[in-house]
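Enquirer: sequence first, predicted coordinates after that:
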Amino acid sequence: MNKTRAILPKIVMLLTVVSMVYALSLSTVAAPGNTDVKVPAGVDAFSIDLYAEEVQPYAGIEFLLSISNENAVAIHSFEPVLPGASTAPISRTEVGDLFSIGFMAGSNMFSGNGSTLVGKIHFSDYKGNQDVTITIVEMRVNRLNEENKIVVTVKHPSETYTVQRIPAPSDIPKIKYKVTFDLNGGEWAGGGALEQEVEESANAHEPVTTRAFHEFIGWDRDFDCVTSDMVVKAVWKSIGDPSYVVTFRLEGGTYTGGGALTQVVPKGGAAVAPTATRTGYTLSWDKDFTNVTGDMTVTAIWTAVSGGGGGGGGTVTETKPVEEIEDEGPPLGAAFPFRDVLESNWFYGDVYYMWENELMNGTSATLFSPNDPVRRGMVVTVLYRMEGEPDVSGLDNPFDDVAGGMYYTDAVTWAADKGIVLGYNDSEYGPNDNVTREQLAAILYRYQNFTKKIPPDANEGIVFADERSISEYALKPVGALVAQGIINGKENNMFDPKGNATRAEYAAMLHRYLLAIDTEETEE
């Protein structure tokens, strides 16, 4: 991941529509040009957060802005957020009749360390009967020279915001899809209904089903993050049947047909490959499934395709990681992209934080897959990013199953060298294996000891009903992280040590950890 960003001579504005009843946060960080500001019905106030990107210390900034229709909206106030900043009264310029808003101090006390939130312009009395444009015409950065005289640097961001009225969220119709469960000879025994109407990007509720003399294997396709009408069919295996179960993992792809994702295949038989798509990628599988001799999981390998160049022409393919897509982090102005992470989800804030800080990506451009298990390669990759991706050129990769050039290669090499992770043996790490909750606790415990950044205890005396199921090596790590409030239990006072940790749970644990050590450092 490349964390280098060009420092541009401009301001960046984050717009948030607010009211006294509720707040609608616009996730777009505006880039230069025209940006639409959508104000829901019933809301008559909104704010513009002003960011300045400066590389040298400065004493203050003055913003000059114009409003196309002053009868439709009013500037309520300006709120500086930098300590020591004194607000200048809101005034009008003699030339151009612009609004002047800003702050000042008696020295170059404001550090020029890149993008910094410097203040908020609060607007009120938005009528909403017509569009309003607000333009930041000029930005004047004030610095004091050696003679204590003001030197002004003038910049012209020319950023325009069109304020528009939209229906309130409750008035916008929600798209719903029909999910039908085919029990395939089984009987309904509770749980979700066999026919359900599911809102777009929500999950269907799984029914409970039984069938005499059969073992329930699972469902032939996923029904999380529903985006179309679908039929989901139960997969059964006769008790005593020597057949094997083949499970296909799509790794961020979208299922489109073909073989089921869960299949029962006779010994020596062949599974039927599912068909799936992922924009910009071609699909292959990590193992052969034409002669099945045992239960197996087949994982999709997605290969990015780009047009060939030079004299040879043709197609160039580059293998991408199966866990997460590689990107440069959220671009300036990017909106939160994951349609399977809703604001109503308990993990929304955790995933947003990890994405915004370029620590976790999605499994596709629009999916985070919060309920998928987190893998051993992914766990250390995020920790490696948190440490700034240190150079590993002088370190040896100790594991034969960690190939060069994979998204996790450097991270595993680094984590093994620091004692943060251990292999199954001297040569095997299992980068694509799932991580259990107790394994994850042990890894995070070792990471804390490596960084020497250990949060204070926040909980006392928590004893889980299944504590005896926690492996001996994980007892101390689990106890420490639970006491710190980094990892929580589940329903009925269970810890579920052998259960797989999900991507959402991992995002939540790291978010809690980063907030805890940040608070500790601030208090010190």
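Expert: Sure, I can see it.
Enquirer: going forward, measure contacts between C-alpha atoms and count neighbours the same way
Expert: Fine.
Enquirer: can you confirm residue 449 is in a helix?
Expert: Yes - counting by DSSP: H, G, I helix; E, B strand; the rest coil, residue 449 falls inside a helix.
Enquirer: that one and residue 412, how far apart?
Expert: 17 Å (C-alpha to C-alpha, to the nearest Å).
Enquirer: those two - which one has more neighbours?
Expert: Set residue 449 next to residue 412 and count neighbours by other C-alpha atoms under 10 Å: residue 412 wins out with 29 against 12.
Enquirer: thought that one was touching residue 380?
Expert: Yes - between residue 412 and residue 380 there is a contact under C-alpha atoms under 8 Å: 6.2 Å.
Enquirer: anything in contact with each of the two?
Expert: residue 421 (C-alpha atoms under 8 Å, 6 or more residues apart in numbering).
Enquirer: could you list the domains of this structure?
Expert: 11-171, 245-320 (automatic domain parsing).
Enquirer: flag the shaky bits of the stretch 301-450 of the chain, pLDDT-wise.
Expert: Flagging of the stretch 301-450 of the chain using pLDDT under 70 yields the residue ranges 304-334.
Enquirer: the residue lying closest to residue 470 once chain neighbours are set aside: neighbour count?
Expert: With C-alpha to C-alpha, 6 or more residues apart in numbering as the criterion, residue 470 has its nearest non-adjacent residue at 5.6 Å, and that residue is residue 497. Look at residue 497: counted by other C-alpha under 10 Å, it has 23 neighbours.
Enquirer: for residue 497, pull up the helix or strand it's in.
Expert: Assigned by DSSP states H and E, residue 497 belongs to neither a helix nor a strand.
Enquirer: what ranges do the helices span in the protein?
Expert: Under the criterion DSSP state H, the chain contains helices at 348-356, 376-386, 409-417, 437-451, 472-484, 503-523.
Enquirer: among the ones you listed, which is nearest residue 87?
Expert: helix 503-523 (26.4 Å; C-alpha to C-alpha).
Enquirer: what angle sits between that closest one and helix 472-484?
Expert: 60 degrees (axes from the mean of the first three to the mean of the last three C-alpha atoms, to 10 degrees).
Enquirer: rewinding a little: in a markdown table: the domains of the chain, plus mean neighbour count and distance to residue 179.
Expert: Listed next are those as a markdown table, based on neighbours: other C-alpha atoms under 10 Å; distance: least, C-alpha to C-alpha, whole Å:
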| stretch | mean neighbour count | distance to residue 179 |
| --- | --- | --- |
| domain 11-171 | 17 | 24 |
| domain 245-320 | 16 | 15 |
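Enquirer: enumerate every residue touching residue 285.
Expert: Residue 285 neighbours (C-alpha under 8 Å, 6+ apart): 298-301.
Enquirer: for it, name its beta-bridge partners.
Expert: For residue 285, the beta-bridge assignment (DSSP bridges) gives partners residue 300.
Enquirer: number of residues surrounding residue 378?
Expert: With other C-alpha under 10 Å as criterion, residue 378 counts 25.
Enquirer: meant to ask about residue 344, not that
Expert: 8.
Enquirer: ok, the one 3 residues further on next?
Expert: Residues within reach of residue 347, counting by other C-alpha under 10 Å, total 19.
Enquirer: okay, residue 235 and residue 219: tell me how far apart.
Expert: Relative to residue 219, and taking C-alpha to C-alpha, residue 235 is found at 6 Å.
Enquirer: comparing the two, which residue is more hemmed in?
Expert: Between residue 235 and residue 219, counted using other C-alpha under 10 Å, residue 235 has the larger neighbour count: 24 against 20.
Enquirer: quick check: the gap between that one and residue 207.
Expert: Residue 235 is 13 Å from residue 207, by C-alpha to C-alpha.
Enquirer: one more: residue 160?
Expert: Distance from residue 160 to residue 207, by C-alpha to C-alpha: 51 Å.
Enquirer: ok, back up a step: so what sits against both of residue 235 and residue 219?
Expert: Taking C-alpha under 8 Å, 6+ apart as the contact rule, residue 235 and residue 219 both touch residue 262.
Enquirer: can you give me phi and psi for the residue in the chain sticking out farthest from the centre?
Expert: Within the chain, the residue lying farthest from the chain centre (C-alpha atoms, centre = their mean) is residue 147, at 48.8 Å. Main-chain dihedrals, residue 147, degrees, to the nearest 10: phi -90, psi 10.
Enquirer: distance to residue 116 added to the helices of the chain, as TSV?
Expert: Below are the helices of the chain laid out as TSV (distance: least, C-alpha to C-alpha, whole Å):
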stretch	distance to residue 116
helix 348-356	15
helix 376-386	21
helix 409-417	30
helix 437-451	27
helix 472-484	31
helix 503-523	18
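Enquirer: tell me where the stretch 301-450 of the chain has strands.
Expert: Applying DSSP state E, counting those that start in this stretch to the stretch 301-450 of the chain gives strands spanning 315-319.
Enquirer: between the helices of the chain, which one is closest to residue 106.
Expert: Per C-alpha to C-alpha, nearest to residue 106 of the helices of the chain: helix 503-523, 26.2 Å.
Enquirer: which residues touch the closest one?
Expert: 347, 350-351, 353-354, 360, 369-374, 453-456, 485-487.
Enquirer: rerun that using 6 Å as the cut-off
Expert: With contacts defined as C-alpha atoms under 6 Å, 6 or more residues apart in numbering, helix 503-523 is touched by 350-351, 370, 372-374, 455, 486-487.
Enquirer: re earlier: report the separation between the residue farthest from the centre of the chain and residue 427.
Expert: Residue 147 is 66 Å from residue 427, by C-alpha to C-alpha.
Enquirer: neighbours around residue 380, how many?
Expert: 26.
Enquirer: same check, this time on residue 490
Expert: Counted with other C-alpha under 10 Å, residue 490 comes out at 10.
Enquirer: also the one 4 residues further on?
Expert: Neighbour count for residue 494, taken as other C-alpha under 10 Å: 14.
Enquirer: report the contact partners of it.
Expert: Taking C-alpha under 6 Å, 6+ apart, we find residue 494 in contact with 464-466.
Enquirer: what about 8 Å?
Expert: Residue 494 neighbours (C-alpha under 8 Å, 6+ apart): 464-467.
Enquirer: now do residue 91
Expert: Taking C-alpha under 8 Å, 6+ apart as the test, what residue 91 contacts is 99-101.
Enquirer: ok, it to residue 395 distance?
Expert: 61 Å.
Enquirer: try residue 487
Expert: Distance, residue 487 to residue 395, using C-alpha to C-alpha: 32 Å.
Enquirer: tell me which of those two has more neighbours.
Expert: Neighbour comparison, residue 487 and residue 395: the larger count goes to residue 487, with 23 against 12 (by other C-alpha under 10 Å).
Enquirer: correct me, but that one touches residue 477?
Expert: No - between residue 487 and residue 477 there is no contact under C-alpha under 8 Å: 10.3 Å.
Enquirer: between the two, which contacts overlap?
Expert: residue 441.
Enquirer: what sits closest to residue 485 if chain neighbours are left out?
Expert: That would be residue 458: by C-alpha to C-alpha, 6+ apart, it lies 5.7 Å from residue 485.
Enquirer: actually residue 87, not the one I typed
Expert: residue 103 (4.5 Å).
Enquirer: so what's that neighbour scoring on pLDDT?
Expert: As predicted, residue 103 sits at a pLDDT of 88.
Enquirer: ok, it to residue 79 distance?
Expert: 9 Å.
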